[in-house]
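In: the following block contains a protein sequence and its predicted model.
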Amino acid sequence: MGGLEQRFPVPYKNFSLDIKVMATQIGTMGTILHARKEEGVTVQPTFNVSVIFGKRDEPMLLAITRQLIEHISSSGSSMPLVLSLGLRDHSAETLKGIVSAVIENRLW
């Protein structure tokens, strides 16, 4: 992404109650988002996505977080997602690359 060397996936241990993903181009955590599937009485699931810290005016960050939690949920996991995005480049291409990398490496 953006000419930087990609080192993914990072070694991890599966002992958490949620899925944590961090993607950075700036060396810091950046915007932190939380997403979870809400169980209810309706047939279709609903998803709650919120910004915990950082940019609240970036709808594409909310959109990719929702896309990831929907994919995680459809794969059979009920774990919530904490996504940290420290990006210089918020282009659709970069965001699609993040989604693809997370889905390919299936961290849940």
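Out: Nice, thanks for sending it over.
In: in the sheet, who's paired with residue 46?
Out: Per DSSP bridges, the residues bridged to residue 46 are residue 38.
In: may I ask which helix or strand encompasses the closest residue to residue 80 other than its chain neighbours?
Out: The spatially closest residue to residue 80, leaving aside those adjacent along the chain, is residue 36, at 3.8 Å (Cβ to Cβ, 6 or more residues apart in numbering). (Each C-beta comes from the backbone N, C-alpha and C, glycine too.) Following DSSP states H and E, one finds residue 36 within strand 31-38.
In: pLDDT at residue 7, what is it?
Out: The predicted structure scores residue 7 at 58 on the pLDDT scale.
In: that should have said residue 13, apologies.
Out: According to the prediction, residue 13 has pLDDT 54.
In: what's in contact with the helix or strand encompassing residue 23?
Out: Using DSSP H and E, residue 23 sits within strand 19-24. Contact with strand 19-24 is made by 29-30, 68, 72, 77, 79-87, 98, 101-102, 107-108, as judged by Cβ atoms under 8 Å, 6 or more residues apart in numbering.
In: before we move on, the earlier item: surely the residue nearest to residue 80 meets residue 69?
Out: Yes. Contact between residue 36 and residue 69 holds when scored by Cβ atoms under 8 Å: they sit 6.8 Å apart.
In: between these two, what contacts are shared?
Out: Contact criterion Cβ under 8 Å, 6+ apart; residues shared by residue 36 and residue 69: 47, 80-81.
In: who wins for most neighbours among those residues?
Out: residue 81 (26 neighbours; other Cβ atoms under 10 Å).
In: quick check: bridge partners of that residue?
Out: Following DSSP bridges, residue 81 is listed with bridge partners residue 19, residue 35.
In: next one: it from residue 88, what distance?
Out: 22 Å (Cβ to Cβ, to the nearest Å).
In: cool, residue 97 as well?
Out: For residue 97, the distance to residue 88 (Cβ to Cβ) stands at 14 Å.
In: of the two, which one has the most company?
Out: residue 97 (16 against 13).
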